[in-house]
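**Q** Here's my sequence, what's the structure:
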Amino acid sequence: MILASYPMRRDGQLRIVAPDRATSTRMQRHSFAEMVERGLAPPDGAPEPFEIERCTAPMPRAWQFLDGSAYVNHVELVRRARGAEMPAAFWTDPLMYQGCSDPFLGPRDDIVGEPDWGLDFEAEIAVVLADVDMGASVDEARDAIRWAMLLNDVSLRNLIPPELAKGFGFVQSKPPSALAPLALSLDKLAGWDGDRLHGRMCIDLNGVPFGRLEAGQDMTFGFPELIAHAARTRPLRAGTVIGSGTVSNKRDGGPGRTIAQGGAGYACIAEQRMVETIEDGAPATPFLQPGDHVDIWMEDAEGRDLFGRISQKVRTP
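**A** Alright, predicted model coming up:
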């Protein structure tokens, strides 16, 4: 099943999208969050032409958003760029933070911020859960995954170090993230193996290819492991969103290369800057500036678009 939402009040008007994506039907359950919690209700009307450009986030707000860092290569590069040793536990115990889930931005909403905040994108996969009990096993966590989405975790890089230095966590440095137009149930998701989504994560910056990464590759922790980690001390209510963290590929035993250098590129600017720091002693690529345009989409093995496109411009407040 494919779901989308048109703008309507806070939670959107839920639509079920035909497999060919040509038409959609309004649902009696008016929002994605309500549908996940109470179950799918019959359609409320006849099919109409589907206008993907009208879509807001499939789930404009959620009970909670927990974002992991499943691609440990990304974390390792962060540490190397700072000259810090990688703790061995990072390979066995996932990193995770609680992000902003109210609201999620729509796929064409602007990225808003001051240039000196260090504006960055992070291309990620996210899943939506049914109820998960506290202390759930990895297998129980796997059974709770219901939907998958594509997410841009907007990060304010220059605000992160002073915020983390306080000893708590992200708040100001992690504003609302954006979601692609479509949410797919697992039976409609080519490349889903139960733990990971295999497909090509594509990012363009100002119309130039920035990343063409394999999402199923180098993902140290699968989604069931991330979910079980999050549920160790709390239940997760239906509608909870779990993010994968920045997709990151490792090439030839070392950091990735830009597309211009024949590599897969990167899913965030910060990672390219880390590689530049490791190799040249200082970063050269700037963070996002007003007027920049970021496109993020994902393709299956046949090159078909999975979730629709996130296409955001950058502007100041």
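
**Q** low pLDDT regions in the stretch 151-300 of the chain?
**A** Applying pLDDT under 70 to the stretch 151-300 of the chain flags residues 251-255.

**Q** all helices in it, in order from the N-terminus.
**A** Using DSSP state H, counting those that start in this stretch, the helices of the stretch 151-300 of the chain run over residues 160-164, 223-230, 269-280.

**Q** got those as a markdown table, with distance to D44 and mean neighbour count columns?
**A** For glycine as for every other residue, the C-beta is placed from the backbone atoms N, C-alpha and C. Formatted as a markdown table, the helices of the stretch 151-300 of the chain follow (distance: least, CB to CB, whole Å; neighbours: other CB atoms under 10 Å):
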| stretch | distance to D44 | mean neighbour count |
| --- | --- | --- |
| helix 160-164 | 44 | 14 |
| helix 223-230 | 32 | 24 |
| helix 269-280 | 43 | 19 |
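
**Q** what's the closest of those helices to A33?
**A** Closest approach to A33 among these (CB to CB): helix 223-230, 18.0 Å.

**Q** now that closest one: how far from the chain's centre is it?
**A** Taking the mean of its C-alpha atoms, helix 223-230 sits 15 Å from the chain's own mean (CA atoms, centre = their mean, to the nearest Å).

**Q** What helices and strands are in contact with it?
**A** Helices and strands touching helix 223-230, by 3 or more CB pairs under 8 Å, 6 or more residues apart in numbering; DSSP states H and E, are strand 65-68, strand 96-99, strand 123-129, helix 138-143, strand 145-152, strand 241-243.

**Q** if I look at A22, how far off is F50?
**A** Using CB to CB, to the nearest Å, we find A22 at a distance of 6 Å from F50.

**Q** out of those two, which sits in the busier spot?
**A** F50 (23 against 10; other CB atoms under 10 Å).

**Q** then stretch 129-143 to CSV, C-alphas only?
**A** C-alpha atoms of stretch 129-143 as CSV (Å, rounded to 0.1, in the frame of the first residue of the first chain):
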residue,chain,number,x,y,z
LEU,A,129,6.1,1.3,13.9
ALA,A,130,3.1,-0.5,15.4
ASP,A,131,3.1,-0.7,19.2
VAL,A,132,6.4,-2.0,20.6
ASP,A,133,6.6,-3.2,24.2
MET,A,134,9.4,-2.1,26.5
GLY,A,135,12.2,-4.7,26.4
ALA,A,136,11.1,-6.0,23.0
SER,A,137,13.5,-8.4,21.3
VAL,A,138,15.0,-7.8,17.9
ASP,A,139,12.6,-10.3,16.3
GLU,A,140,9.6,-8.6,18.0
ALA,A,141,10.9,-5.2,16.8
ARG,A,142,11.2,-6.5,13.3
ASP,A,143,7.5,-7.6,13.4
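
**Q** That one: which residues count as buried?
**A** Buried residues in stretch 129-143, counted by 16 or more other CB atoms under 10 Å: L129, A130, V132, A136, A141, R142.

**Q** Could I get the contacting residues of the second one?
**A** Contacts of A130 were listed using CB atoms under 8 Å, 6 or more residues apart in numbering, and they are V36, A144, I145, R146, A238.

**Q** what about the fourth one, neighbour count?
**A** The burial count assigned to R146 is 17, neighbours taken as other CB under 10 Å.

**Q** roughly how far apart are it and R15?
**A** Taking CB to CB as the measure, R146 and R15 are separated by 17 Å.

**Q** Repeat that for the first one.
**A** As defined by CB to CB, V36 lies at a distance of 15 Å from R15.

**Q** so where do the strands sit in the stretch 101-250 of the chain?
**A** Remark: strands assigned in the stretch 101-250 of the chain by DSSP state E, counting those that start in this stretch are 111-112, 119-120, 123-129, 145-152, 155-156, 178-179, 183-185, 200-205, 208-214, 241-243.

**Q** Walk me through which strands the last one pairs with, and which way each runs.
**A** Each strand paired with strand 241-243, and its direction, by DSSP bridges: strand 65-68 (parallel), strand 123-129 (antiparallel).

**Q** What of the longest one?
**A** Strand 145-152 has its sheet partners listed here by DSSP bridges as strand 123-129 (antiparallel), strand 178-179 (antiparallel), strand 183-185 (antiparallel).

**Q** Looking at those, which is nearest to A231?
**A** Of those, nearest to A231 by CB to CB is strand 123-129, at 9.3 Å.

**Q** Taking helix 223-230 as reference, get the angle to that closest one.
**A** 70 degrees (axes from the mean of the first three to the mean of the last three CA atoms, to 10 degrees).

**Q** picking up where we left off before, okay, and the common contacts of A22 and F50?
**A** Taking CB under 8 Å, 6+ apart as the criterion, A22 and F50 do not both touch any residue.

**Q** Just grab the bridge partners of V294 for me.
**A** L205, Q312.
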